[in-house]
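Could you work out the structure for the sequence below:
(2 chains)
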Amino acid sequence: MLKSPHLLGIKDLDAESIDLIVKTAKEFKEVLNRPIKKVPSLRDVTIANVFFENSTRTRLSFELAEKRLSADTINFSASGSSVKKGETLLDTVNNILAMKVDMIVMRHASPGAPHYLSKHIKANIINAGDGTHEHPTQALLDTFSLREKLGDLAGKKIAIVGDILHSRVALSNIYALKKQGAQVRLCGPSTLIPKHIQSLGVEVSHDVKDTLQWCDAANVLRIQLERQQIKYFPSLREYAQFFGITRKILDELPKEIVLMHPGPINRGVELSSDAADSPHSIILDQVENGVAVRMAVLYLLASRA
Amino acid sequence: MTHKLILSSPLLEITISRLCQELIENQIEGIETVILGLQPRGIYFAERIAKELSKHLAEAPQIGQLDATFYRDDFRRRDPVSPNSTHIPFIIENKRVILVDDVLATGRMVRAALDAMTAFGRPAKVELCVLIDRIYNRDLPINADYIGKSVNTLSTEKVLVEWTEQGHDADKIWLITHP
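Just a heads-up that it's a prediction; the model follows:
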């Protein structure tokens, strides 16, 4: 059983809880391969997907996970809602809860928004990404996909390449990987690597070829131009020259590595098309596993009500 | 707490052999029989049944494992039960499915298992085979077609089944009474 009724971040999760979620997700992945992919577990549970920020994968994945568990779902997106009229976050969510909603899946541009909410409302809260802070279900599905490929992650070498500074996926993944005993190396231009990040027990490198030679798996992140108010590197072309991963680089490595990307991919920037579509890539497995992992999280949190 | 032995070798082997004779007797012409052991503890009994059946039949019956955790009716009403693996490496459509469990008590687990099984197709016939039938403990109108031993128990008592496959020295079925 999970210790908290909410999933706010990987930081508050222990290794045992990560194991429990992965183990439960494995059984849900089997369910998703049945002729009838639906189980009745959450049939008396209502879930609101509250998205204050854009999303394709995460939102579809959560919605599908909820439907596969037979939950009732409502969707809310900030654009076209009363948020534009000046309604506060707490008022918005309390109005949704007044309609007898049991769980909230929330994405918000402000770091800590789900933590704030969890202190003021009575419902299970799942963080589907809060600004540049955490994206716990993404890290869990990355863990699940990595374990499928590499087995136990203790001692394994995992690289995270790209825009670490703006990435909630990076922070959640660092927590998740360190808790499972993996070695983590971050790689990117020094402007996109947060100062003092080594205090989380990770190595930092600015040489992508050397990092790829070192690692068993590389999680490549998107350059988040929408969050970059100043110029962190001269041009996308220059970034692609120095940090872009191509099929040629992958083929020159002494061993085969696992290539991941949380999506959406900027093809030709952090990953070339021939690398993204290469047999090294498990990007679409990550998407498939995302539904099973989110089913596991929803199932385990719902049981805590 | 008192332990009372209610079934063990060699009577257990005789019981399994008798159940298999009954299963063979009720075979349906032209319809394949498959076995589904219910997780977590029915799978060992299912393996014994399959092994014994294969001694008497030209072709050993196919055997699978079914977990009904996600179909339980007590979710959010008690602490969650961890799911076990479901593994059904064959099609159950239009076949005779024998659901196998170690103990039948309230019948709720069988109800959940019937739901879980339906996700894999529509069998021609479904039958239930249990090693121990705890009579008078039923919450639902469910009964077994093949019964190893019927025992009259109180709902406060517990039936414990130990298999050598689980690491025990011998196969033993106990009735545990709390004072």
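
OK, now which residue of the stretch 201-305 of chain A is nearest to chain B?
residue A:303 (3.7 Å; C-beta to the nearest C-beta). Every residue, glycine included, has its C-beta placed from N, CA and C.

ok, now which ones touch the nearest residue to that residue once chain neighbours are set aside?
Nearest residue to residue A:303, sequence neighbours excluded (C-beta to C-beta, 6 or more residues apart in numbering or on different chains): residue B:80, at 3.7 Å. By C-beta atoms under 8 Å, 6 or more residues apart in numbering or on different chains, the residues touching residue B:80 are A:1, A:299-300, A:303.

quick one: residue B:80 and residue B:43, what's the gap?
From residue B:80 across to residue B:43, the span is 21 Å (C-beta to C-beta, to the nearest Å).

I'd like to know how many residues surround residue 22.
Just so you know, I chose chain A. 20 (other C-beta atoms under 10 Å in any protein chain shown).

You answered for a different chain; I wanted chain B.
There are 13 residues near residue B:22, going by other C-beta under 10 Å.

Report the contact partners of it.
By C-beta under 8 Å, 6+ apart, the neighbours of residue B:22 are residue B:146.

do residue B:120 as well
Residue B:120 makes contacts with A:34-36, B:88, B:91-92, as judged by C-beta under 8 Å, 6+ apart.

where does the residue nearest to residue A:303 fall, helix, sheet strand or coil?
Of the three states, residue B:80 takes coil under DSSP: H, G, I helix; E, B strand; the rest coil.

possible to save the contacts of residue B:120 as TSV with distance to residue B:166, neighbour count and pLDDT?
Listed next are these as TSV, based on distance: C-beta to C-beta, whole Å; neighbours: other C-beta atoms under 10 Å in any protein chain shown; pLDDT from 0 to 100:
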residue	distance to residue B:166	neighbour count	pLDDT
A:34	28	15	87
A:35	32	10	85
A:36	31	11	88
B:88	22	20	92
B:91	30	14	91
B:92	27	22	93
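
rewinding a little: list phi and psi for the residue nearest to residue A:303.
phi -70, psi 150 (degrees, to the nearest 10).

Outside of stretch A:58-77 itself, list whatever touches it.
Contacts for stretch A:58-77 (C-beta under 8 Å, 6+ apart): A:28, A:31-32, A:37-43, A:45-52, A:92, A:96, A:99, A:101, A:103, A:105, A:107, A:126, A:128-129, A:135, A:137-138, A:287, A:290-292, A:294-295, A:298-299, A:302.

buried ones in it?
A:58-59, A:61-69, A:71-73, A:76-77 (16 or more other C-beta atoms under 10 Å in any protein chain shown).

With stretch A:10-25 instead?
Applying 16+ other C-beta under 10 Å to stretch A:10-25 flags A:10, A:13, A:17-18, A:20-22, A:24-25 as buried.

Out of the residues you listed, which comes closest to chain B?
Nearest to chain B among the buried residues of stretch A:10-25, with distances taken as C-beta to the nearest C-beta, is residue A:24, at 6.1 Å.

quick one: the closest one and residue A:302 touch, right?
No: in this structure, residue A:24 is not within contact of residue A:302 by C-beta atoms under 8 Å, at 11.8 Å.

who's in contact with residue 145?
The chain I'm using is chain A. Per C-beta under 8 Å, 6+ apart, neighbours of residue A:145: A:260, A:282, A:285-286, A:289.

if you could check chain B rather than the one you did, that'd help
B:26, B:127-129.

again, only using 7 Å
By C-beta atoms under 7 Å, 6 or more residues apart in numbering or on different chains, the contact list for residue B:145 reads B:127-129.

Kindly report the same for residue B:67.
B:39, B:83-86.

confidence score at it?
Turning to residue B:67, the model gives it a pLDDT of 95.

Tell me, how many residues neighbour the residue nearest to it when sequence neighbours are not counted?
Using C-beta to C-beta, 6+ apart and skipping residues adjacent in sequence, the residue nearest residue B:67 is residue B:39, 4.0 Å away. Per other C-beta under 10 Å, the neighbour tally for residue B:39 reads 21.

you'd agree residue B:39 is up against residue B:83?
No: with contacts counted by C-beta atoms under 7 Å, residue B:39 stays clear of residue B:83, the gap being 8.3 Å.

Okay, strands next: where are they in chain B?
B:2-8, B:33-38, B:62-66, B:96-104, B:125-135, B:146-152, B:158-162, B:172-177 (DSSP state E).

To chain A, which of these lies closest?
strand B:62-66 (10.8 Å).

Just the CA atoms of the closest one, as CSV, please.
C-alpha atoms of strand B:62-66 as CSV (Å, rounded to 0.1, in the frame of the first residue of the first chain):
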residue,chain,number,x,y,z
GLN,B,62,-3.9,-26.9,-21.2
ILE,B,63,-3.5,-25.0,-18.0
GLY,B,64,-3.6,-21.3,-17.2
GLN,B,65,-3.5,-19.0,-14.2
LEU,B,66,-6.3,-16.4,-13.6
